[in-house]
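*Asks:* let's see this in three dimensions:
(one chain, ligands or ions: 2)
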Amino acid sequence: MKSYSVKELLSENFLLQEVTVNGWVKTFRSNRFIALNDGSTINNIQCVVDFESFDESLLKQINTGAALKISGTLVESQGRGQSVEIQVKDLKVHGGADPETYPIQPKKHSLEFLREKAHLRIRTNTFAAVMRVRSALSFAIHQYFQQNGFYYFHAPIITGSDAEGAGEMFKVSTLDDKNPPLDEDGNVNYKEDFFGKETNLTVSGQLEAETYAMALGKVYTFGPTFRAENSNTSRHLAEFWMIEPEMAFFDLDANMDLAEDFIKSVIKYVLDNCQDDLQFLEKRLLDEEKTKPQAERSEMALIEKLKFVAENNFMRVSYTEAIDILRNSKPNKKKKFQYPINEWGADLQSEHERFLVEKHFKCPVILFDYPAKIKAFYMRLNEDGKTVRAMDILFPGIGEIVGGSQREERLDVLKEKMAALGIDEEELWWYLDLRKFGSAVHSGFGLGFERLVLFATGMGNIRDVIPFPRTPQNAEF
Ligand code: 4AD
Ligand code: MG
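*Replies:* Numbers count the residues shown, from 1 in each chain. Ligands and ions are numbered 1, 2, ... in the order given. Down below sits the predicted model:
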C-alpha cells in the first residue's frame, strides 16, 4: 500500500483507494476518531477506528503525540469538518507518548511555556504554521533573486572586520582563557591565536558581498549573522538570519526600488502559497487581540494587512522631513515619547519609527538621507556634507525591517571617514582596494529575516519565529 502525506490525501485525488499514512496523533475522541497530522499541512486527516476490531491494549497507546502508521480506505466523510477520512484497517504504533508527561496536550499553551519546550513546540499548530511560512519565505527569497539575475554569495561567518562598526561582536578564539599568551604590554596576544589575529562571528556579510558585486554585478547573501547587543526586546536576537543583496551600478533610488519590489514579491508568494497557514494564524491573532485593549488592536486582519503591503506603494520620506513630522507630533508635544525629539541629528528610536508608520503614514515607510553621524562609515556622503545616502524601511508592528545604503565609492572620502571614526586602514585594506580598482557607484541593503517572518505571520515576539532562539542568557537546545 502506498504511503501518502496528509496533504496529498486531503486533496481528494485518492478517493476509494487503499492508502497508508504516517503521522502523530493530535486527538483521539470516543475511542473512534483519530485526528492525525504529519506536518505536511495544518489540516489533520480523520482516521476512523472500529474499536471492536482492535486490541484494547493497542487503542490505549493512541494518545496525543503518539506516532502511528495507519492503513485503510480513503472515503468521503460522513461527519462535519472534513471531506474525506480513512476507514482504518491496519494500525501500528511507531512510538507512544505518555499523557502524564507529554507536555503538548490538546489545549491552549502560552507561548512563554512553549519557549521552554522549543524541541516540542513545533508539534503545535501555531509553530508548525509559522515554520512552514518561514520555509516558504526562504524559498521565495531565493527564487526572487535567482530570477532577477543575482548570484547567491556565501559570506564567511568568521571574520576579522567589524562591518557595522558597532563593536557588538562575539569573539572566536581557541586561546586558553585561563592562561592566554600575553604581548609585551600585557595584553592578550592574538598573533598566537588560531587565525593569528582577533576574529569574531560576523555581524553582516556586506563588506565581503561588496567585493563580489564588483565582479559579478548583482549578488545576495542569505545566512546567519550574530550580534552581542544586550537588548532583550521582542525584535532582537543574538543570532539571526539576514538577506543582503549588493548591486554594482545601483544608486540609492534603484536600491529602494529593488527593496520595495523584493518585499512585495515575497509577501505575494506567501499569500499565494500559504493560505491554510495564514488563515490559521489570522484567527490566532484575532483571538489574541480580543484580550487586548481596543487601542492596541491592529486595524487590519493578518491577510488584509499582507495584501495591503503587497499592493500599495511604500512612502518615501527623507530623515529631515521625518524629524519635522516627529517634532510637531502630538506625542512629542505632550512629552509622550520616552526619547523626545528636539533637534535634527537625533537617532530614531523604535517608538518614533512606529509612530511614523502606524499613526502618521499608516503604510510602510522608507526613510532616507540620514545624518552621517548616526550611520555606518561606508555610506556615501551627500553633497551637503552632513547626510549620507542611507535608507531604512519601517514596517507596521515591527519598526525597522531593512537597513541599507549607497556605498561610498570615492577612495579619498572613504579614507577621511574612516580616519574620523578611528577605523584602521590596514584592517580594511582589501575593502579600500575596491575603491582603487574599477570603483563604481554601488548599493545594497540588509533585511532581517526573522522580522519579515514576524510580519508575515502576525506573531508578536521574534523568539517565536526562529526554531531555537539565541538571546541574552538563553542558548538552551
Ligand atoms: O541595519 P543593519 O544593522 O544593517 C546592516 O547590517 C547592513 N550591513 C546591511 C546592508 O546594507 N547590507 O541590519 C539590517 C537588518 C535590520 O534592518 C533588521 O531587520 C535586522 O537586520 N537586524 C536584526 N534582526 C534581529 N535581531 C537583531 N539583533 C538585529 N539587528 C539587525
Ligand atoms: Mg539598521
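*Asks:* contact partners for G39?
*Replies:* Neighbouring residues of G39 by C-beta atoms under 8 Å, 6 or more residues apart in numbering: 23, 128. All C-beta atoms are positioned from the backbone trio N, CA, C, and that covers glycine.
*Asks:* is it in a helix, a strand, or coil?
*Replies:* The three-state assignment at G39 reads coil, by DSSP: H, G, I helix; E, B strand; the rest coil.
*Asks:* quick check: it vs ligand 1, distance?
*Replies:* Distance of G39 to ligand 1, computed by C-beta to the nearest ligand atom, to the nearest Å: 26 Å.
*Asks:* before we move on, what about V133?
*Replies:* Note on V133: its distance to ligand 1, by C-beta to the nearest ligand atom, is 17 Å.
*Asks:* does that residue touch G458 like I think?
*Replies:* No: if you go by C-beta atoms under 8 Å, V133 and G458 don't touch, sitting 10.0 Å apart.
*Asks:* okay, helices next: where are they in this structure?
*Replies:* All helices of the chain, identified by DSSP state H, fall at 6-10, 56-60, 111-115, 125-147, 206-216, 252-273, 275-290, 302-311, 319-327, 330-333, 350-354, 411-421, 429-433, 449-457.
*Asks:* tell me which residues in the fourth one are buried?
*Replies:* Taking 16 or more other C-beta atoms under 10 Å as the neighbour-count basis, helix 125-147 is seen to contain the buried residues 125-134, 136-138, 140-141, 144-145.
*Asks:* just the shortest one next, same as before
*Replies:* Within helix 330-333, the residues that qualify as buried by neighbour count (16+ other C-beta under 10 Å) are N332.
*Asks:* and that helix, how far out from the chain's middle?
*Replies:* Averaging C-alpha positions (C-alpha atoms, centre = their mean, to the nearest Å) puts helix 330-333 32 Å from its chain's average.
*Asks:* same question, the first one
*Replies:* Put simply, helix 6-10 sits 28 Å off its chain's centre (C-alpha atoms, centre = their mean).
*Asks:* again with the third one
*Replies:* For helix 111-115, the distance from its own C-alpha centre to the chain's C-alpha centre is 18 Å (C-alpha atoms, centre = their mean).
*Asks:* pop the domain breakdown of this structure in here.
*Replies:* Domains of the chain are assigned by automatic domain parsing as 3-106, 123-168+203-464.
*Asks:* up against ligand 1, what does the stretch 301-450 of the chain have?
*Replies:* Taking C-beta under 6 Å from any ligand atom, the part of the stretch 301-450 of the chain that reaches ligand 1 is made up of 400-405, 444-446, 448, 450.
*Asks:* what's the farthest-apart pair in those?
*Replies:* The span of those, defined through C-beta to C-beta, is set by S405 and E450 at 21.5 Å.
*Asks:* how about the nearest residue to N255 once chain neighbours are set aside, what does it touch?
*Replies:* Of all residues not flanking N255 in the chain, S443 sits nearest, at 3.8 Å (C-beta to C-beta, 6 or more residues apart in numbering). Counting by C-beta under 8 Å, 6+ apart, S443 touches 246-247, 250-252, 254-255, 389, 404-407.
*Asks:* now swap in A136 and tell me
*Replies:* By C-beta under 8 Å, 6+ apart, the contact set of A136 is 269-270, 273-274.
*Asks:* just name the most buried of the domains of the chain.
*Replies:* Each of the domains of the chain was assessed for mean neighbour count using mean count of other C-beta atoms under 10 Å. The highest is domain 123-168+203-464, with a mean of 18.
*Asks:* any regions of the stretch 201-350 of the chain where pLDDT drops low?
*Replies:* Applying pLDDT under 70 to the stretch 201-350 of the chain flags no residue at all.
*Asks:* start and end of stretch 38-50, how far apart?
*Replies:* One end of stretch 38-50 to the other measures 22 Å (C-alpha to C-alpha, to the nearest Å).
*Asks:* beta partners of the residue of the stretch 251-400 of the chain found nearest ligand 1?
*Replies:* With C-beta to the nearest ligand atom as the measure, E400 is the residue of the stretch 251-400 of the chain nearest to ligand 1, at 4.5 Å. Beta-bridge pairing of E400 under DSSP bridges involves L394.
*Asks:* and it, what does it touch?
*Replies:* Contacts for E400 (C-beta under 8 Å, 6+ apart) come out as 350, 353, 392-394, 448, 451.
*Asks:* ok, now with 7 Å
*Replies:* Applying C-beta atoms under 7 Å, 6 or more residues apart in numbering to E400 gives the contacts 353, 392, 394.
*Asks:* how about M169?
*Replies:* For M169, the contact set (C-beta under 7 Å, 6+ apart) comprises 162, 200-201, 203, 228.
*Asks:* please flag which of those sit within strands.
*Replies:* 200-201 (DSSP state E).
*Asks:* any chance of the contacts of M169 in CSV with distance to K264 as columns?
*Replies:* Compiled in CSV, those are given as follows (distance: C-beta to C-beta, whole Å):
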residue, distance to K264
D162, 33
N200, 35
L201, 32
V203, 27
A228, 33
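*Asks:* also near ligand 1: which of the contacts of M169, exactly?
*Replies:* Answer for those near ligand 1: none qualify (C-beta under 6 Å from any ligand atom).
*Asks:* go through the contacts of M169 and name the one nearest ligand 1.
*Replies:* V203 (6.3 Å).
*Asks:* ok so, going back, ok, which pair from the contacts of S443 is furthest apart?
*Replies:* E246 and R389 (14.5 Å).
*Asks:* L452 is in contact with L137, isn't it?
*Replies:* Yes: counting by C-beta atoms under 7 Å, L137 is a contact partner of L452 at 6.4 Å.
*Asks:* tell me which residue of the chain is furthest from the middle?
*Replies:* Residue farthest from the centre of the chain, counting by C-alpha atoms, centre = their mean, is E52 at 49.1 Å.
*Asks:* could you report the pLDDT at that one?
*Replies:* Looking at E52, its pLDDT stands at 90.
*Asks:* distance of it from ligand 1?
*Replies:* The value you get for E52 to ligand 1, if C-beta to the nearest ligand atom is used, is 56 Å.
*Asks:* what of Y144?
*Replies:* As judged by C-beta to the nearest ligand atom, Y144 and ligand 1 stand 16 Å apart.
*Asks:* next up, the contacts around that residue.
*Replies:* Y144 makes contacts with 262, 265-266, as judged by C-beta under 7 Å, 6+ apart.
*Asks:* nearest spatial neighbour of G149, skipping sequence neighbours?
*Replies:* Closest residue in space to G149, ignoring its immediate chain neighbours: K218 at 5.5 Å, by C-beta to C-beta, 6+ apart.
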